[in-house]
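In: sequence and computational prediction follow.
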There are 2 protein chains.
Amino acid sequence: MSRLRFKISMSLDGFVAGPSQSVEDPIGVGGMRLHEWIFPLAAWRGAQGLEGGEHGPSNTVIEESIANIGSTIMGRNMFGGHPGPWDAKNPWDGWWGANPPFHHPVFVLTHHAREPLHLDGGTTFTFVTGGIEAALVQARKAAGGRDVSLAGGASAARQYLAAGVVDEMEINLVPLLLGGGERLFDGLGDDMHGLTLVRTIAAPAVTHLKFERH
Amino acid sequence: MSRLRFKISMSLDGFVAGPSQSVEDPIGVGGMRLHEWIFPLAAWRGAQGLEGGEHGPSNTVIEESIANIGSTIMGRNMFGGHPGPWDAKNPWDGWWGANPPFHHPVFVLTHHAREPLHLDGGTTFTFVTGGIEAALVQARKAAGGRDVSLAGGASAARQYLAAGVVDEMEINLVPLLLGGGERLFDGLGDDMHGLTLVRTIAAPAVTHLKFERH
């Protein structure tokens, strides 16, 4: 069965985005500090068409997280653009340009219907208004036996976590404070929704905490 | 120079105590779940006069944290008892009985003056009304060349962290959610107050994140 896999970078104080998120500053003030550990890695550079980079435990974690993914689910906030109905005259086609790095079907959770968007390199954005379960059914079918990546953002992730349908969660814990912003676990209560820590990998700039569903 | 060393157990969602702390439930609802990893360890059992127990990476961390400590600082909330002025008729002498496990001078931050309390086994509680700097000066002097342990709770720890005087911080990150309670880092802003991650030790039930002042 196709598994639903989620990974995210989180600060020591529990934030996955900084304060004051906006179209200009999609991960909030200081939010980029959560992602700096990934840029030197060979796996990340390779996905951008760049050569070289670091090979170490974090690189292995990234390679694993990319492997065997057949489709992606993301929230509207992560897809981006101004909130509310889609602007037909000035369409928002995502952050990733004409050839997004997904190269597989992507399902975007939204309250506003929109025709699918076919971009270069095999990436298709399908806009799902039927809620998280409908999106998961479609994403599993589209994955063709491979796994489904839950890309975020925090709100979409929380909904899937609360529903108890996340099979794997990798928290990349970054040893810094953001002091404000969006917390991943806000409102999720005091249980792990079926997830248990199964592996911890310590890298100098980040700790990878991998959870799996029992 | 005597160093100020702080260790605390924290949930994945950033809480160091559960909700609804009270005299009856000093670490809040569910707060004890943050400490269950420590009870099987040989170092913890030994400190309670018990034999046996586990020897592993977490045990080594606990042994380190106990070693070379000459005095302790704690907040009034951690010392316990009803808030406000001390009740002379019904004195509160701490949670630890007639022979507390410190066996060295302990300095309690409080707004309410009180005579020192001498208990068995070398533990003396001195009540400091002059604020965190005064307590640190007294604790360093009393430590006799050894280090000072900052025992908590969260409010006392935050004050010392904000002042930038903590030399070592060990976060024992427990892979569970409390969903509410007291957050260690609330109000500390977006910098680490001089602390940098220097060591990560992954144990199955807890991740030890050690920070030091540059």
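Out: Great, that's in hand.

In: and stretch A:186-200, C-alpha only, in CSV?
Out: Extracted in CSV, the C-alpha atoms of stretch A:186-200 (Å, rounded to 0.1, in the frame of the first residue of the first chain):
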residue,chain,number,x,y,z
ASP,A,186,-0.7,23.6,17.7
GLY,A,187,-4.1,22.1,18.5
LEU,A,188,-3.0,18.5,17.9
GLY,A,189,-3.5,17.6,21.6
ASP,A,190,-1.4,15.3,23.8
ASP,A,191,-1.0,12.2,21.7
MET,A,192,1.2,11.3,18.7
HIS,A,193,-1.7,10.2,16.5
GLY,A,194,-0.3,6.7,16.1
LEU,A,195,3.3,7.8,15.4
THR,A,196,6.3,6.5,17.3
LEU,A,197,10.0,7.6,17.1
VAL,A,198,11.9,4.9,15.2
ARG,A,199,15.2,6.6,14.3
THR,A,200,17.2,9.6,15.3
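
In: what residues of it count as buried?
Out: A:L188, A:D190, A:M192, A:H193, A:L195, A:L197, A:T200 (16 or more other Cβ atoms under 10 Å in any protein chain shown). Yep, even glycine has a C-beta here, placed from its N, CA and C like the rest.

In: show me the contacts for the third one.
Out: Right, A:M192. A:F211, B:P175, B:L176, B:L177 (Cβ atoms under 8 Å, 6 or more residues apart in numbering or on different chains).

In: can you check the last one too?
Out: Each residue near A:T200 by Cβ under 8 Å, 6+ apart is listed here: A:T207, A:H208, A:L209, A:K210, B:A202, B:A203, B:T207.

In: could I get the pLDDT score of the residue lying farthest from the centre of chain A?
Out: Going by Cα atoms, centre = their mean, the residue of chain A most distant from its centre is A:K89, 28.2 Å out. pLDDT, A:K89: 88.

In: checking it next. Helix, strand or coil?
Out: Following DSSP: H, G, I helix; E, B strand; the rest coil, A:K89 is assigned to coil.

In: enumerate every residue touching it.
Out: Going by Cβ under 8 Å, 6+ apart, the list of residues near A:K89 is empty.

In: quick one: the helices in chain A, in order.
Out: A:42-47, A:57-66, A:76-79, A:132-142, A:154-162 (DSSP state H).

In: any chance of those in CSV, plus mean pLDDT and mean neighbour count?
Out: Listed next are those as CSV, based on pLDDT from 0 to 100; neighbours: other Cβ atoms under 10 Å in any protein chain shown:
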stretch, mean pLDDT, mean neighbour count
helix A:42-47, 91, 17
helix A:57-66, 95, 18
helix A:76-79, 92, 21
helix A:132-142, 98, 18
helix A:154-162, 96, 20
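
In: in stretch A:30-42, what's buried?
Out: Buried, per 16+ other Cβ under 10 Å, within stretch A:30-42: A:G30, A:G31, A:R33, A:L34, A:W37, A:I38, A:L41, A:A42.

In: how about the second one: what's its closest non-neighbour residue?
Out: Looking back up the chat, that one is A:G31. Distances taken as Cβ to Cβ, 6 or more residues apart in numbering or on different chains put A:G18 closest to A:G31, at 3.8 Å, once the chain neighbours are dropped.

In: count the neighbours of that neighbour for me.
Out: Neighbourhood size, A:G18 [other Cβ atoms under 10 Å in any protein chain shown]: 22.

In: how about it, phi and psi?
Out: Per-residue torsions, A:G18: phi -80, psi 180 (degrees, to the nearest 10).

In: right, and it touches A:S9 too?
Out: No: judged on Cβ atoms under 8 Å, A:G18 makes no contact with A:S9 at a distance of 11.7 Å.

In: show the pLDDT at the most centrally placed residue in chain A.
Out: With distances taken as Cα atoms, centre = their mean, A:A151 lies nearest the centre of chain A, 1.9 Å away. A:A151 is assigned 95 on the pLDDT scale.

In: residues contacting it?
Out: A:T72, A:I73, A:M74, A:M78, A:V106.

In: tell me the spacing between the second one and A:P105.
Out: Think A:I73. 10 Å (Cβ to Cβ, to the nearest Å).

In: likewise for the first one?
Out: Separation of A:T72 from A:P105 (Cβ to Cβ): 8 Å.

In: what do the two both touch?
Out: Shared contacts of A:T72 and A:P105, counting by Cβ under 8 Å, 6+ apart, come down to A:A139.

In: pull the contacting residues for the closest residue to A:H35 other than its chain neighbours.
Out: Nearest residue to A:H35 in three dimensions, chain neighbours excluded: A:S9, at 5.8 Å (Cβ to Cβ, 6+ apart). With contacts defined as Cβ under 8 Å, 6+ apart, A:S9 is in contact with A:V16, A:L34, A:H35, A:W37, A:I38, A:N172, A:V174, A:V206.

In: nearest spatial neighbour of A:R140, skipping sequence neighbours?
Out: In space, A:R140 comes closest to A:S2 once its chain neighbours are excluded; the distance is 4.6 Å by Cβ to Cβ, 6+ apart.

In: which residues are in contact with that neighbour?
Out: A:G70, A:R140, A:A143, A:G145, A:R146, A:D147, A:V148 are the contacts of A:S2 under Cβ under 8 Å, 6+ apart.

In: what's the burial count for the first one?
Out: If I follow you right, that is A:G70. For A:G70, using other Cβ under 10 Å, the count is 18.

In: likewise the fifth one?
Out: Residues within reach of A:R146, counting by other Cβ under 10 Å, total 16.

In: ok, it to A:A154 distance?
Out: Here the criterion is Cβ to Cβ. By it, A:R146 lies 25 Å from A:A154.

In: which parts of chain A sit against chain B?
Out: Counting by Cβ under 8 Å from any Cβ of the partner chain, the positions of chain A adjacent to chain B are A:12-14, A:18, A:30, A:171, A:173, A:175-180, A:183-186, A:188-192, A:196-197, A:200-205, A:207, A:209, A:211.

In: rerun at 6 Å
Out: Along chain A, the residues adjacent to chain B under the rule Cβ under 6 Å from any Cβ of the partner chain are A:13-14, A:30, A:175, A:177-179, A:185, A:189-190, A:197, A:200, A:202, A:207.

In: strands of chain A, start to end?
Out: A:4-11, A:15-17, A:69-75, A:105-109, A:117-118, A:124-128, A:147-152, A:168-174, A:182-183, A:195-203, A:206-213 (DSSP state E).

In: could you export the ones you listed as TSV, including distance to B:Q159?
Out: Below are these laid out as TSV (distance: least, Cβ to Cβ, whole Å):
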stretch	distance to B:Q159
strand A:4-11	21
strand A:15-17	22
strand A:69-75	38
strand A:105-109	42
strand A:117-118	52
strand A:124-128	48
strand A:147-152	35
strand A:168-174	25
strand A:182-183	23
strand A:195-203	29
strand A:206-213	27
